[in-house]
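In: heads up, no residue letters with this:
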């Protein structure tokens, strides 16, 4: 066993600690933070869309996807067309 | 004033049942009236760890569904008269537990006991959420290991959102019980340290239970480790944790099993 691998073997706990801190910051964002930011955004987006278009509340989807580098906010609005078939608008 | 305490963890196999039995017996030893309740429907084990498996006649589901009276289902411990166990059903489905039924049984237990300790099943499904639903405080059992810490974090989130207390806008009292801890490995950097875990989970520490052969020895014979060997390292650690639950200030130490020369020579024999 080389000296390097001897020291590597000894220092696994700090790696565990760092991995957990990064992972949990991410997971808490999805589970805990979701209710705050995304629900606030959802309410305001629904209000905004309905001010201009007659659309069912359930036809507006707001999703937040958090990634390591980039997070995306997905808004999907299903607008009923004159003929009755819905037209989906995505942003 | 009775307290309903849930012993939970998310992850399985970290020591919920062992801790329920050990804390229950330690609190009973201090003179309090204690009942330990198994919520693991279909996979009950608290009866086995407590050594009461041959005395089970009725169970929690029978009482929830009104097929048996509470007094018929409660099993009094043979070693401590103020310690009782309410077993789970081994044959029924966990869906047989209703929220109203559980609330009614817990209300009845509150009138008879000082401590109602609910042993939660692993996971975050119905059984686990029902076990924590009506609790006044929670003991989160965690091993110094990444998957256990992650699951504990998830359970803490549920305790803060899905319990009656949280829904009333009150703060759920949560305590961390660190089990299977090996101070020597933590010191060598091979295991997460207590401070690392406390920093990550940010809930107060109830106790540190060292990894010990005594835990298996106690479950082999069907006795809580606090009764089977009160002077062992895990025994003393659980007694300290029980005193902290009662509001006493006890210095946080990690007890170790003292090995005498005699013990070293004969320590390998089967107990």
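Out: Ah, there it is. Everything numeric in this text was worked out from a predicted model, so none of it was measured.

In: Can you list the residue ranges for helices in the chain?
Out: No chain in the question, so chain A it is. Using DSSP state H, the helices of chain A run over residues A:3-10, A:12-31, A:33-52.

In: Oops, wrong one, chain B.
Out: Under DSSP H, chain B gives helices at B:16-29, B:46-49, B:60-64, B:70-73, B:99-112, B:126-133, B:146-159, B:164-167, B:183-187, B:194-201, B:213-221, B:225-228, B:233-245, B:261-266.

In: Pick out the shakiest of those helices, pLDDT-wise.
Out: Least confidently modelled of the helices of chain B is helix B:261-266, at a mean of 59 by mean pLDDT.

In: near chain A, which residues of chain B show up?
Out: Contact residues, chain B versus chain A (C-beta under 8 Å from any C-beta of the partner chain): B:145-146, B:149-150, B:153-154, B:157, B:186, B:188-193, B:196, B:200. Yep, even glycine has a C-beta here, placed from its N, CA and C like the rest.

In: ok, which pair from the residues you listed is furthest apart?
Out: Pairwise distances across the residues of chain B next to chain A (C-beta to C-beta) peak at 31.9 Å, for the pair B:157 and B:188.

In: Which residues are in contact with whichever residue of the stretch 1-150 of chain B sits closest to chain A?
Out: Chain A sits closest to residue B:146 of the stretch 1-150 of chain B, with a gap of 5.1 Å, by C-beta to the nearest C-beta. By C-beta atoms under 8 Å, 6 or more residues apart in numbering or on different chains, residue B:146 lies in contact with A:16, A:19-20, B:192.

In: Pull out the buried residues from those.
Out: Neighbour counting over those (16 or more other C-beta atoms under 10 Å in any protein chain shown) leaves A:16, A:20, B:192 as the buried ones.

In: ok now do the second one, which residues does it touch?
Out: The contact partners of residue A:20, by C-beta under 8 Å, 6+ apart, come to B:146, B:149-150, B:192, B:200.

In: ok, 6 Å please
Out: Contacts for residue A:20 (C-beta atoms under 6 Å, 6 or more residues apart in numbering or on different chains) come out as B:146, B:149, B:200.

In: Can you say which of the helices of chain B is packed in most?
Out: Neighbour counts (mean count of other C-beta atoms under 10 Å in any protein chain shown) averaged over each of the helices of chain B peak at helix B:16-29, with a mean of 28.

In: got the angle for that one vs helix B:126-133?
Out: For helix B:16-29 against helix B:126-133, the angle by axes from the mean of the first three to the mean of the last three C-alpha atoms, to 10 degrees is 30 degrees.

In: Just want to check the distance between residue B:207 and residue B:194.
Out: 10 Å (C-beta to C-beta, to the nearest Å).
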